[in-house]
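Colleague: model this:
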Amino acid sequence: NLIFSYFAGVDHVAHMYGGDSPQYALALQNLDANLGRQTIGGGGLLGAVAEWEYKYSEEFTTLIVTDHGHT
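Modeller: Below is the predicted model of the structure:
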């Protein structure tokens, strides 16, 4: 099984406002909330994966990538 999710907001905001802008920082916070944590009750996409793993005794590998980054 493969789940592919594309979160374009951070990339688009970085191109529009730059990597040191308040808009970029907000977009990163939004992405962090959407991803959550891969623990039971972790919220977001990763929390849903953790709950599925627990409920159905399955194990997932999560890979998160970006096309480029900022520091």
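Colleague: Now do the SS call for Phe4.
Modeller: Per DSSP: H, G, I helix; E, B strand; the rest coil, the secondary structure class of Phe4 is coil.
Colleague: how near is the residue nearest to the spatial centre of the chain to Lys55?
Modeller: Nearest to the geometric centre of the chain sits Leu35, at 3.4 Å (CA atoms, centre = their mean). Going from Leu35 to Lys55 by CB to CB, to the nearest Å gives 20 Å. For every residue, glycine as well, the C-beta is placed using N, CA and C.
Colleague: Which elements pack onto the helix or strand bottoming out on mean pLDDT in the chain?
Modeller: Using mean pLDDT, DSSP states H and E, helix 9-17 stands out as the lowest-scoring helix or strand of the chain, at a mean of 91. The contact analysis (3 or more CB pairs under 8 Å, 6 or more residues apart in numbering; DSSP states H and E) places helix 9-17 against helix 22-35.
Colleague: And the helix it packs on, what does it pack against?
Modeller: Applying 3+ CB pairs under 8 Å, 6+ apart, one finds that helix 22-35 contacts helix 9-17, helix 44-56.
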